[in-house]
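this one's structure only:
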């Protein structure tokens, strides 16, 4: 089973009430090959909500805080949402996840730097980091392509992946 960020499956759960629809993610969910989740919604956030970024720490190796554009520290609800996603992963024997990059929850390769100026840096979101540390193979949405998905879906669906090439 695969986990995909809910926004990739077409659900309007992003901070601004939009989605980040990916037709392959939607197809996977519709065919029972993936489960979608939004850690921010699971952490108790509403839609819409202030944007949030992971603020730079004194020590780049140390865990950084998640802060809204308003200045409010929202690290705790982000951690709660991440733990709830991990529980879903465990209950459903999920081994791989495709998450929305640049998100303070789901970023896999890239996150915003906490300055709210659009600057992106290498880094992982709270949920992505927890899933990786728990042994889940995590990919950014940029890798949500047939070649990457193929090993994780039912064999009888593999011929249908051609429509996404």
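Now that the structure is in, tell me what you want to look at. A quick note: this is a predicted structure, and the numbers were derived from the prediction, not measured.

When you work out contacts or count neighbours from here on, use the C-alpha atoms and nothing else.
Fine.

can you pull the buried residues of stretch 110-124?
Using 16 or more other CA atoms under 10 Å as the burial criterion, the residues of stretch 110-124 that qualify are 110, 111, 112, 113, 114, 116, 123, 124.

Which members of these are the farthest-apart pair?
By the measure CA to CA, 116 and 124 form the most distant pair in the buried residues of stretch 110-124, at 16.7 Å.

tell me the secondary structure for the residue nearest to residue 10 when sequence neighbours are not counted?
Beyond its immediate neighbours in the sequence, the residue positioned closest to residue 10 (CA to CA, 6 or more residues apart in numbering) is residue 21, lying 4.3 Å away. Recorded secondary structure, residue 21: coil (DSSP: H, G, I helix; E, B strand; the rest coil).

For residue 21, give its distance to residue 9.
From residue 21 across to residue 9, the span is 6 Å (CA to CA, to the nearest Å).

the more surrounded of these two?
residue 9 (24 against 16; other CA atoms under 10 Å).

Next, the nearest residue to that one once chain neighbours are set aside: phi, psi?
Sequence neighbours aside, residue 26 is the residue nearest to residue 9 in space, at 4.3 Å (criterion: CA to CA, 6+ apart). Here is the backbone geometry of residue 26 (degrees, to the nearest 10): phi -60, psi -40.

Thought residue 10 was touching residue 26, still the case?
Yes: when contacts are counted by CA atoms under 8 Å, residue 26 is listed as touching residue 10 (6.5 Å).

who's more crowded, the two?
The neighbour count for residue 26 versus residue 10, taken as other CA under 10 Å, is higher for residue 26 (21 against 17).

and the more buried one, what is it in contact with?
Neighbouring residues of residue 26 by CA atoms under 8 Å, 6 or more residues apart in numbering: 8, 9, 10.

Could you tell me the per-residue confidence at the closest residue to the first one other than its chain neighbours?
So that's residue 8. Nearest non-adjacent residue to residue 8, counting by CA to CA, 6+ apart: residue 21, 4.4 Å away. Model confidence at residue 21, given as pLDDT, is 97.
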